[in-house]
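got a predicted model here, sequence first, then my questions.
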Amino acid sequence: MSVDILQEKIRKRKNPTVLELSVSAKDIPTHLIEAEGSVCAAYGRFCRELLEALKGTIGAVRVGFSSFALLGADGISQLQHTLQYAAKQGYYVLLDAPEIFSPAAAENTACSLLGADSLFPCDGVVISGYLGSDVIKPFLPYCKKDKDLFVTVRTANKSAPEIQDLLSGTRLVHAAAADHVNRYGAGTAGKSGYTRVGVLAAASSADSLRSLRSKYPGMFLLVDGYYYPNANAKNCSFAFDKFGHGAAVCSGSGIVRAWQQEGAEAAAYLEHAACAAERMKKNLGRYISVL
């Protein structure tokens, strides 16, 4: 698949939501742990049941590599099973890569996640680009084929402005990072007009999203932190073009933890997740018309 397929799935469902599966063990209903015999097995089942329940509403999923890996050796097996299941259910699948701290690690990660013999089937990956070009470049050959890369430039957490919004000359640091990433998308644009090298930006920063969309009309924006403080659907709308294209909005806790937030019985977690997903779709639809 490619970003063209992601855009088509969004258009078909009129919903730019990306389901984020990066939860903690405490979010797993206890009855699943009892039934499966371990937190790890229950974690995988929890994720796959959510995928089954939401496939008609949401067309893309973002899976956290580290969230599964931290469950232990069996967590990797559950990750593989979940990625395979998501693909089988027709999702566009993004994988948050494990942390990369060196060029050698970037080479190994790119090959392991995006290579022809990868044990982790996905359509694209999310990485941090703040180490510079030598951790981005190893992923680019795969973008010339059929994979997508999203590079984090602005995160939604409260302290992000401490570094990412500092001035660097006449630009904010995250704007300079986006300028850097934009160079790598040349020659990868598909039928939708968007390149296979995009950025991850913050739902909590409307000004940033507005600026990125205006400056980079051909760059796909992955909007993170929908349920963070100061984030809302109106902010997210600034990431989209006039046709409601060119961006997608990630949501994890607001959907997968909906049963907890509403004080519901654990057995009803799928029902509450589905309702939360529909609410998010409706809220985004107040500001974004996907044509």
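Received it, and whenever you're ready, just let me know what you need. Numbering: from 1, shown residues only.

so for the lowest-mean-pLDDT helix or strand in the chain, what gets flagged as buried?
Least confident helix or strand, the chain: helix 258-261 with a mean of 83, by mean pLDDT, DSSP states H and E. Of all the residues in helix 258-261, those buried under the rule 16 or more other Cβ atoms under 10 Å are 258, 259. Glycine gets a C-beta too; all of them are placed from N, C-alpha and C.

show me what that helix is packed against.
helix 269-285 (3 or more Cβ pairs under 8 Å, 6 or more residues apart in numbering; DSSP states H and E).

helices or strands up against the helix it packs on?
Secondary-structure packing of helix 269-285 (3+ Cβ pairs under 8 Å, 6+ apart): strand 17-21, helix 39-54, helix 233-237, strand 247-251, helix 253-256, helix 258-261.

mind giving me a markdown table with these and columns for distance to residue 191?
Shown next, in a markdown table, are the helices and strands packed on helix 269-285 (distance: least, Cβ to Cβ, whole Å):
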| stretch | distance to residue 191 |
| --- | --- |
| strand 17-21 | 21 |
| helix 39-54 | 27 |
| helix 233-237 | 24 |
| strand 247-251 | 17 |
| helix 253-256 | 30 |
| helix 258-261 | 35 |
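
give me the contacts around the least confident helix or strand of the chain.
If you take Cβ atoms under 8 Å, 6 or more residues apart in numbering as the criterion, helix 258-261 is touched by 27, 29, 254, 264-266, 268-269, 271-273, 275-276.

just the strands in the protein please.
Along the chain, the stretches classed as strands by DSSP state E are 17-21, 60-64, 92-96, 124-128, 148-152, 167-168, 171-172, 197-202, 221-224, 247-251.

residue 71: which of the ones you listed is closest?
The closest of the strands of the chain to residue 71 is strand 60-64. By Cβ to Cβ, the value is 11.1 Å.

neighbouring strands of the closest one in the sheet, and parallel or not?
Partners of strand 60-64 in the sheet, by DSSP bridges, are strand 17-21 (parallel), strand 92-96 (parallel).

didn't residue 276 look like it was pressed against residue 268?
No - in this structure residue 276 lies outside contact range of residue 268 using Cβ atoms under 8 Å: 11.9 Å.

who has more neighbours out of those two?
Neighbour count, other Cβ atoms under 10 Å: between residue 276 and residue 268, residue 276 has more, with 22 against 14.

how near is that one to residue 101?
According to Cβ to Cβ, to the nearest Å, residue 276 stands 35 Å off from residue 101.

please apply the same query to residue 205.
26 Å.

before we move on, back to that, between the helices and strands packed on helix 269-285, which one is nearest to residue 66?
Residue 66 sits nearest to strand 17-21 of all these, at 11.8 Å, using Cβ to Cβ.

now do stretch 272-279: everything it contacts.
With contact meaning Cβ under 8 Å, 6+ apart, stretch 272-279 is reached by 17, 19, 50, 53-54, 57-58, 251, 254-256, 258-259, 262, 264.

could you give me the PyMOL syntax to select whichever of the residues you listed are buried?
Entered in PyMOL, the line below selects the buried ones among the contacts of stretch 272-279, by 16+ other Cβ under 10 Å:
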select buried, resi 17+19+50+53+54+57+58+251+254+255+256+258+259
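
between the contacts of stretch 272-279, which is nearest residue 291?
For the contacts of stretch 272-279, the residue nearest residue 291 by Cβ to Cβ is residue 17; the value is 16.9 Å.

who does the closest one form a beta bridge with?
Beta bridges link residue 17 to residue 249, judged by DSSP bridges.

residues in contact with it?
57, 58, 60, 248, 249, 250, 251, 277, 280, 281, 284.

could you work out the most separated pair of those residues?
57 and 250 (14.8 Å).

and the strands of the chain: which comes nearest residue 188?
Across the strands of the chain, residue 188 has its closest neighbour in strand 197-202 (6.1 Å, Cβ to Cβ).

what does the closest one contact?
3, 126, 140, 143, 148-156, 160, 174, 177-178, 181-182, 184-185, 188, 208-209, 212, 219-225, 228, 231, 239.

just stretch 126-140 next, same as before
So stretch 126-140 is contacted by 62, 94-97, 99-103, 105-107, 109-111, 114, 125, 147, 149-153, 177, 180-181, 184, 197, 200, 222 (Cβ under 8 Å, 6+ apart).

pLDDT at the nearest residue in space to residue 53 that is not next to it in sequence, what is it?
Once flanking residues are discounted, residue 53 sits nearest to residue 270: 4.5 Å by Cβ to Cβ, 6 or more residues apart in numbering. As predicted, residue 270 sits at a pLDDT of 94.
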